[in-house]
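Participant: Pasted the sequence and its predicted model underneath.
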2 protein chains.
Amino acid sequence: MTRRPVVAVLEGERPVRGLERVAELADVRVAQAPTLDRALDGADVLYLWDYFSGALPAAWHAAGSLRWLHVAAAGVDKLLFPELVASDVVVTNAHGIFDQPMAEYVLGAMLYAAKGFGPLHDQQRDARWVWREGRNIAGSRALVVGTGSIGRHTARLLKAVGVHVEGAGRTAAEHDDDFGSVHASADLASVVGGFDWVVLVAPLTPATENLVSAAVIGAMKPSAVLINVGRGRLVDEAALVDSLQTGTLAGAVLDTVAVEPLPPDHPLWSLPTVLVTPHMASNADSWLDDLAVQFERNFLLWVEGRPLPGVVDKVLGYVPSRPGQGS
Amino acid sequence: MTRRPVVAVLEGERPVRGLERVAELADVRVAQAPTLDRALDGADVLYLWDYFSGALPAAWHAAGSLRWLHVAAAGVDKLLFPELVASDVVVTNAHGIFDQPMAEYVLGAMLYAAKGFGPLHDQQRDARWVWREGRNIAGSRALVVGTGSIGRHTARLLKAVGVHVEGAGRTAAEHDDDFGSVHASADLASVVGGFDWVVLVAPLTPATENLVSAAVIGAMKPSAVLINVGRGRLVDEAALVDSLQTGTLAGAVLDTVAVEPLPPDHPLWSLPTVLVTPHMASNADSWLDDLAVQFERNFLLWVEGRPLPGVVDKVLGYVPSRPGQGS
């Protein structure tokens, strides 16, 4: 490398962490959305610390020298605009960082529903002692839709507590290390009826949008619970509300919805069998420092010209994962 | 056996299950509390299906021929009145039946607290989308107070999801199969400071009453959470309320309290960091049928004069457990 590389950072509201080591080796330009194009002019690397920002398309005209873009998030659905997809820019994501918090959130959501902590919490607020039975999750059956790093980690955690787990992904497979059987997502309607929990961890892509259609929701057991930590638009939300209202689906725990924040008058807020959480399943403990360490590590690899982990397939819209691959 | 044995059953509100096989071999007398003494007159066996009933002392005068008493519960603190303890009557409990639901409840309570499902549920009821961070339980440290069957099953479940677990019991031990280190309960105040979760699964006995004293509560980390699925009177409840009110303890999930049902004006109801649940941690899925099957199985052993599982040490006040002993 004949000159110091230039790293543009889109910061956003939360102060960016951990660029000390990067700044020793590169010129770092920390920008906010309105100044992103100036920071991008001549930059080799773009680090989207503000992972929810939609500022990049408007600044793309200045990204002519960009070679690598790292986003501090797992899902890249909002990021992959056509010019970026068509470009030679390598895109990497926060692969692995969110495996543990998201798997724990899913397990917590299952126990929340199985033990009735929602109604029990209501009783707490009303100072009411009314006995009710719980359910065990051991021996129950979970279908994890999404066979990437987060889905695999979730499967392993659920299996560790005695839940029977199968997977659903783009391609069907048998004898998968983590899932045993992987069903083709296209067959979801004929498969979901055999499960007590349907857990969505899939990325949002043209192939997965509305994957959990009215037909799929209708094929779920009336006693089943839907858990969505992937993306809201994986689900036909109107059909979901309808099934929950009529009781043909027992409940839902949703960390993501089609429109975020969920509008105050949305029917999902008022359903007693639903818990909507504010897109926080992936955020626990040291996640911000973990993201910072990950970018620094990736940057050192990039400087040395070595392969980067977590490279997004920009056409598929996610990081392809091999069976048994850990975080 | 020269005559058909007589089995008295205290039924209570919930219809007794599964006595068909027993009735083939014995005269079965199903009683309610007011008629218990008549059922006991000449009975060899008493089956306390109504495990919360306090009716036995008043009927004890008729129990002269009683040889075996089985209670469909884990805790026997309310049952062990002096005349029963002094008698030759063998007491067995529902050993093992509650291991799985109680361990799952504890894990669920930890995730409920770690992910903030309580405040998130409040936001759901108020239709509020306010981001908040969770915590991971993997890598956190739990002290399980009580080294019987339920405590051991709980330890194994928590370890399966990456929680560091140690135990506390009557006698200290090292290299325990389930707990690694078992601390002496007498040393609790000097030990609890090293844990994020203090989980009470101990029986209530003269030796464990008020075990979690003001001094023990005061020694807990301010970020720690107390989970009690044992008995309310293990804890100095006034000191607990005080610590929760002043914030020197982060939270509590309590399936049992000193006075049940918890009175509507009790301060534990109004603390935002507390979840009181109505003594239901042990009740999930097929528990009633499991209890029925267990008594039938025990009865067949008893008829054949073979050793019974789950024999309570009436002086200690619980079923002694060996390290590594399963359910």
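Facilitator: That came through fine.

Participant: Restricting to C-alpha, output the particular helix or strand that has A:A168 in it in PDB.
Facilitator: For A:A168, the host element (DSSP states H and E) is strand A:164-169. Extracted in PDB, the C-alpha atoms of strand A:164-169 (Å, rounded to 0.1, in the frame of the first residue of the first chain):
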ATOM      1  CA  HIS A 164     -36.500 -30.800  19.400                       C
ATOM      2  CA  VAL A 165     -35.200 -28.500  16.700                       C
ATOM      3  CA  GLU A 166     -35.400 -28.600  12.900                       C
ATOM      4  CA  GLY A 167     -34.500 -25.900  10.400                       C
ATOM      5  CA  ALA A 168     -35.900 -24.200   7.300                       C
ATOM      6  CA  GLY A 169     -33.700 -22.600   4.700                       C
END
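
Participant: Show me the beta-bridge partners of A:H70.
Facilitator: A:Y47, A:T92 (DSSP bridges).

Participant: burial count for A:H70?
Facilitator: Counted with other Cβ atoms under 10 Å in any protein chain shown, residues neighbouring A:H70 total 26. For the C-beta atoms, the positions are set from N, CA and C on the backbone; glycine is no exception.

Participant: got a pLDDT number for it?
Facilitator: With respect to pLDDT, A:H70 has a value of 98.

Participant: Return the residues in contact with it.
Facilitator: A:45-48, A:91-93, A:295, A:298 (Cβ atoms under 8 Å, 6 or more residues apart in numbering or on different chains).

Participant: The residue nearest to A:G139 when sequence neighbours are not counted: what secondary structure?
Facilitator: With sequence-adjacent residues excluded and distances taken as Cβ to Cβ, 6 or more residues apart in numbering or on different chains, A:G139 is closest to A:G162, at 6.3 Å. The assignment at A:G162 comes out as coil when based on DSSP: H, G, I helix; E, B strand; the rest coil.

Participant: thinking again about what came up before, contacts for the strand holding A:A168?
Facilitator: So strand A:164-169 is in contact with A:139-147, A:151, A:155, A:158-159, A:176, A:178-185, A:188, A:191, A:195, A:202, going by Cβ under 8 Å, 6+ apart.

Participant: Now render the contacts of A:H70 as a markdown table, adding neighbour count.
Facilitator: Below are those laid out as a markdown table (neighbours: other Cβ atoms under 10 Å in any protein chain shown):
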| residue | neighbour count |
| --- | --- |
| A:V45 | 25 |
| A:L46 | 26 |
| A:Y47 | 25 |
| A:L48 | 26 |
| A:V91 | 23 |
| A:T92 | 21 |
| A:N93 | 27 |
| A:F295 | 28 |
| A:N298 | 22 |
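
Participant: out of these, who's nearest A:L244?
Facilitator: Minimum distance to A:L244 across the contacts of A:H70 is 31.7 Å, recorded for A:N93 (Cβ to Cβ).

Participant: Distance-wise, check the closest one relative to chain B.
Facilitator: For A:N93, the distance to chain B equals 20 Å [Cβ to the nearest Cβ, to the nearest Å].

Participant: now A:P309
Facilitator: 21 Å.

Participant: what do you get for A:V30?
Facilitator: 23 Å.

Participant: Now that residue. Nearest residue, chain neighbours left out?
Facilitator: Per Cβ to Cβ, 6+ apart, closest to A:V30 is A:V9, 4.6 Å.

Participant: Ok, A:W129 next?
Facilitator: B:P261 (3.6 Å).

Participant: who's in contact with the closest residue to A:S282 other than its chain neighbours?
Facilitator: Nearest residue to A:S282, sequence neighbours excluded (Cβ to Cβ, 6+ apart): A:F98, at 3.9 Å. Each residue near A:F98 by Cβ under 8 Å, 6+ apart is listed here: A:74, A:150, A:281-282, A:287.

Participant: Tabulate those residues in JSON lines, adding columns for pLDDT and distance to B:G54.
Facilitator: Formatted as JSON lines, those follow (pLDDT from 0 to 100; distance: Cβ to Cβ, whole Å):
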{"residue": "A:A74", "pLDDT": "95", "distance to B:G54": "56"}
{"residue": "A:I150", "pLDDT": "97", "distance to B:G54": "51"}
{"residue": "A:A281", "pLDDT": "98", "distance to B:G54": "46"}
{"residue": "A:S282", "pLDDT": "96", "distance to B:G54": "50"}
{"residue": "A:W287", "pLDDT": "96", "distance to B:G54": "51"}
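
Participant: Please identify which pair of those residues lies farthest apart.
Facilitator: A:I150 and A:W287 (13.3 Å).

Participant: that older thread, so in that sheet, which strands flank the strand holding A:A168, and in what orientation?
Facilitator: The strands beside strand A:164-169 in its sheet (DSSP bridges) come out as strand A:141-145 (parallel), strand A:180-184 (parallel).

Participant: Which strands or helices does whichever helix or strand comes after the last one pack on?
Facilitator: I take that to be strand A:180-184. Per DSSP H and E, the first helix or strand lying C-terminal to strand A:180-184 is helix A:188-191. In terms of contacts (3 or more Cβ pairs under 8 Å, 6 or more residues apart in numbering or on different chains; DSSP states H and E), helix A:188-191 is packed against helix A:214-219.

Participant: Give the buried residues for the helix it packs on.
Facilitator: For helix A:214-219, the neighbour count (16 or more other Cβ atoms under 10 Å in any protein chain shown) marks A:214, A:216-217, A:219 as buried.

Participant: Remind me what the helix or strand following it packs against, helices and strands.
Facilitator: Where DSSP H and E defines the elements, the next helix or strand beyond helix A:214-219 is strand A:225-228. With contacts taken as 3+ Cβ pairs under 8 Å, 6+ apart, strand A:225-228 sits against helix A:99-115, strand A:197-200, strand A:251-254.

Participant: re earlier: could I get the average pLDDT for the strand holding A:A168?
Facilitator: If you average the pLDDT over strand A:164-169, you get 98.

Participant: Strand partners (parallel or antiparallel) of the helix or strand following it?
Facilitator: Remark: after strand A:164-169, the chain's next helix or strand is strand A:173-176, criterion DSSP H and E. Paired neighbours of strand A:173-176 in the sheet (DSSP bridges): strand A:180-184 (antiparallel).
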